[in-house]
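> Following is a predicted model, sequence given first.
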Amino acid sequence: MVYDQYFIDELKSRADIRKIVEGYVPLKKRGANWMACCPFHQEKTPSFSVNPAKGFFKCFGCGKGGNVFTFLMEIEGLNFPEAVRRVAEISGVSLPLTENESNLEAARTRREAERKLAEKIIQLNKAAADFWQKQLFSNENKARDALAYLRSRGIDEGTCRRFQIGYAPDKWDSVVNLLKGLGADDELMIQSGLVSKNEEKNRIFDRFRNRIIFPVLDDRGNTVAFGARAMGDDQPKYLNTPETAAYVKGRHLYGLFYAKEAIRKAKFAILVEGYLDLIALSIHGIENVVAGLGTALTAEQAALLARYSRRVVINYDGDSAGIKAARRAILELAALDMDIKVLVLPDGQDPDEFIRSRGAAEYKQVRGRALPFIAFALESAMNGRSMTNARERSDAIEETLPVIAAIRNPIEKRQFFDEAMAYFGIEDASLKRDLWKTVKSSLTSDPEAIAKQARRVARPKITVAEQYLLELLIHDRELRSRILPVIEPSDYEHLATARIFEALYKLEEMNAEPEIGILNDLVGDDEIARDLVPLLLIGEPKREKGEVIDGVLHEAENCLFSLRSMAIEHRLYEISRALIAAEQIGDFESVTHLVTEQLDLSKMKQGMLTKLRES
């Protein structure tokens with residue numbers, strides 16, 4: 001969208017830069033200027049200055065400066081037209097129609113109609129919210145059950161009233177009748193999302209029935225939507241308002257209206273997943289909390305949060321789904337150059353469970369130990385994976401690079417990249433160079449595309465011993481019958497070709513010969529295996545028909561000894577890392593066991609090397 005330069009200049013002169021900046025950072029008057037600690041970098045002494053008379057800001061610490069549009073582009077990650085629209089919205093200035101509007105009058109009429117419809121829907125939402133809250137305290141049977149459930153979660157009457165929690169009766173027309181009484185016609189009721197229509201019977205009915213209602217307010221306090229939790233076995237468990245003229249999914253954060261002052265005071269926000277997580281923390285005096293609305297954090301939600309704080313602690317559920325959601329949230333927040341930490345509560349608990357069982361003091365203690373997001377990204381990527389398994393380590397690198405690519409600050413990006421390479425034990429200079437190229441200029445790239453590049457660059461290398469052993473086995477059924485029974489899973493599970501070894505075992509069970517179709521089916525989507533299988537199959541057998549097996553058997557045994565030696569080397573590497581961790585926490589019993597295993601494996605490796613040299 002292109003705006004006329006005259007309008008841009010006029011808007012810039014009318015905009016109150018002090019008021020806009022103060023929405024993100026508290027300012028203090030100093031002479032003709034207003035000062036604060038810079039919202040773009042960490043500092044203790046204020047060096048960020050705003051001059052309202054001249055309409056510009058400047059940080060003498062990090063060097064960033066500019067006008068009101070530049071400020072919003074930096075702090076919210078907006079492009080210029082988006083910044084213009086945001087300044088106009090804050091300043092109460094109507095946007096002109098752009099040259100690109102094909103029908104100016106129609107566009108103006110359409111926007112005005114949408115605005116008026118949104119206002120009507122908000123009025124209906126407010127009426128429904130008031131009605132549902134009265135129902136919660138009506139003392140009717142099912143309403144009593146809803147209130148009892150809320151009390152069992154530690155939510156008292158005062159909390160219900162503060163968050164406007166209500167109860168939708170188990171009736172088809174409670175809200176329909178309410179809205180009709182307010183003069184709403186069927187079409188408006190359907191557009192509000194409060195009512196659904198049965199096309200077959202051509203009748204409308206309440207969307208929310210026998211559910212606990214959580215109103216969703218925008219950051220100005222308007223009731224724009226609802227989340228509704230089923231009381232019985234109805235599915236889905238949570239039912240949300242569809243998109244309407246007043247509510248676009250992914251643009252709002254639950255609880256922000258209540259939390260924004262607490263966030264500014266605390267100078268950081270806690271981001272949780274659900275309504276009950278937020279409410280439980282609030283009950284225990286932790287107010288600087290916002291929640292998503294049932295979907296992965298969006299770029300719009302991240303930008304909205306950034307308006308109130310540049311620091312955020314992500315505290316999602318501790319299960320695997322919560323970990324994945326936290327990683328996705330990091331991508332959106334890191335793109336806005338925010339200071340991000342991640343709190344994973346013990347035993348996979350969610351915030352609601354944890355604070356109700358352990359209290360606010362212990363929650364604050366563990367929150368103080370929240371991990372910097374890069375440490376969380378590295379640890380979660382390796383969770384359930386072995387550092388010595390080339391494929392698993394490659395998968396972990398693939399998961400981590402999009403997080404690093406999302407970082408805006410080039411110095412931090414390089415620092416975190418180097419930390420990741422050290423963590424994963426990547427020492428090959430050319431590999432590190434290729435991986436750095438993948439993430440260096442990938443700020444706006446699709447994470448999937450970055451992961452694909454990383455997979456291609458970081459894929460584990462096939463060793464000479466494993467490839468030659470497979471070449472021997474794949475064309476020689478007798479050799480397979482002699483060698484496969486003596487191969488242990490630990491001999492190959494860390495190898496790039498692990499899927500092919502597994503496929504050979506399955507073929508033996510099926511009493512089948514290796515063929516391209518069946519092998520591809522068995523190795524699945526493993527790219528390395530699928531690339532290597534055709535090369536193995538077009539190779540020549542390593543012994544002539546009728547030739548004695550002794551020669552190839554000896555070669556296969558030597559390959560196996562080499563693989564076993566590598567496996568021992570990998571396990572020794574794991575032990576060395578585990579020893580460091582055990583010594584740091586003073587777990588001397590584990591230290592003893594690990595040292596004993598280390599000595600045994602070292603002797604075993606030495607014996608195998610001696611045998612290989614003698615052969």
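Sure thing, it's come through.

> ok, and for the longest helix along the chain, which residues are buried?
Using DSSP state H to define each element, the chain has its longest helix at helix 550-585. Judged by neighbour count (16 or more other C-beta atoms under 10 Å), helix 550-585 contains these buried residues: 552-553, 555-568, 570-571, 574-575, 578-579, 582. From N, CA and C alone the C-beta is placed, and that goes for glycine too.

> likewise stretch 483-502?
Neighbour-count burial for stretch 483-502 [16+ other C-beta under 10 Å]: 483, 487, 491-502.

> Ok, stretch 168-182 next?
Here stretch 168-182 shows 168-170, 174-176, 178-179 as buried, counting by 16+ other C-beta under 10 Å.

> Tell me which of those residues fall in strands.
Ala168 (DSSP state E).

> where does the stretch 1-150 of the chain dip in pLDDT?
1-2, 97-108 (pLDDT under 70).

> mind listing the helices in it by residue range?
5-14, 17-22, 68-76, 80-91, 104-136, 141-152 (DSSP state H, counting those that start in this stretch).

> who's in contact with the first one?
The reference is to helix 5-14. The contact list for helix 5-14, computed with C-beta atoms under 8 Å, 6 or more residues apart in numbering, reads 55, 67-69, 84, 87-88, 91, 93, 96.

> For that helix, what is the distance to the chain centroid?
39 Å (C-alpha atoms, centre = their mean, to the nearest Å).

> about what we covered before: mind picking the one among the buried residues of stretch 168-182 that's closest to Val591?
Closest approach to Val591 among those (C-beta to C-beta): Ala168, at 59.1 Å.

> List phi and psi for the residue lying closest to that closest one once chain neighbours are set aside.
With sequence-adjacent residues excluded and distances taken as C-beta to C-beta, 6 or more residues apart in numbering, Ala168 is closest to Phe208, at 4.1 Å. Dihedral pair for Phe208: phi -110, psi 120, per degrees, to the nearest 10.

> Model confidence for Ile516, exactly?
pLDDT, Ile516: 87.

> typo on my end, it should be Pro410
pLDDT, read off for Pro410, is 85.

> Can you report phi and psi for it?
phi -60, psi -30.

> quick one: it and Ile374, what's the gap?
Pro410 sits 15 Å away from Ile374, going by C-beta to C-beta, to the nearest Å.

> For these two, indicate the residue with more neighbours.
More crowded of Pro410 and Ile374, by other C-beta atoms under 10 Å: Ile374, with 23 against 11.

> Please name the residues that touch the more buried one.
403-404, 416, 419-420.

> Mind doing that once more with 10 Å?
Ile374 is in contact with 330, 334, 340, 342, 400, 403-404, 407, 412, 415-417, 419-420, 423, counting by C-beta atoms under 10 Å, 6 or more residues apart in numbering.

> Any chance of a PyMOL selection covering the buried ones in these?
In PyMOL, a selection of the buried entries from those looks like this (16+ other C-beta under 10 Å):
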select buried, resi 330+334+340+342+400+403+404+407+416+417+420+423
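
> Now compare the contacts of Ile374 and name the two farthest from each other.
Val342 and Phe417 (18.6 Å).

> Tell me where the stretch 151-300 of the chain has helices.
Under DSSP H, counting those that start in this stretch, the stretch 151-300 of the chain gives helices at 157-162, 174-181, 186-192, 256-266, 275-283, 299-306.

> Please point out which parts of the third one sit buried.
Using 16+ other C-beta under 10 Å as the test for burial, helix 186-192 gives 188-192.

> Let me know the pLDDT of Leu305.
Value listed for Leu305 in the pLDDT field: 93.

> ok, now Gln453?
Reported pLDDT for Gln453: 64.

> quick one: Arg577 from Gly425, how far?
9 Å.

> Rebuild the buried residues of stretch 168-182 as CSV, extending it with distance to Tyr468 and pLDDT.
Below are these laid out as CSV (distance: C-beta to C-beta, whole Å; pLDDT from 0 to 100):
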residue, distance to Tyr468, pLDDT
Ala168, 69, 96
Pro169, 74, 95
Asp170, 71, 93
Ser174, 75, 96
Val175, 73, 96
Val176, 76, 96
Leu178, 78, 97
Leu179, 76, 96
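
> where do the helices sit along the stretch 451-600 of the chain?
Under DSSP H, counting those that start in this stretch, the stretch 451-600 of the chain gives helices at 464-474, 477-483, 489-492, 498-510, 516-523, 527-538, 550-585, 588-614.

> do you know which of these lies nearest Trp34?
helix 550-585 (46.9 Å).

> so what does the closest one touch, helix or strand wise?
helix 464-474, helix 477-483, helix 489-492, helix 588-614 (3 or more C-beta pairs under 10 Å, 6 or more residues apart in numbering; DSSP states H and E).

> got the contact list for Leu333?
So Leu333 contacts 271, 297, 299, 301-303, 305-306, 310, 312, 314, 339-340, 373, 406 (C-beta under 10 Å, 6+ apart).

> Sorry, wrong one. I was asking about Gly255.
Counted by C-beta under 10 Å, 6+ apart, Gly255 has contacts 163, 214, 216-217, 272, 275, 277-279, 281-282, 287-291.
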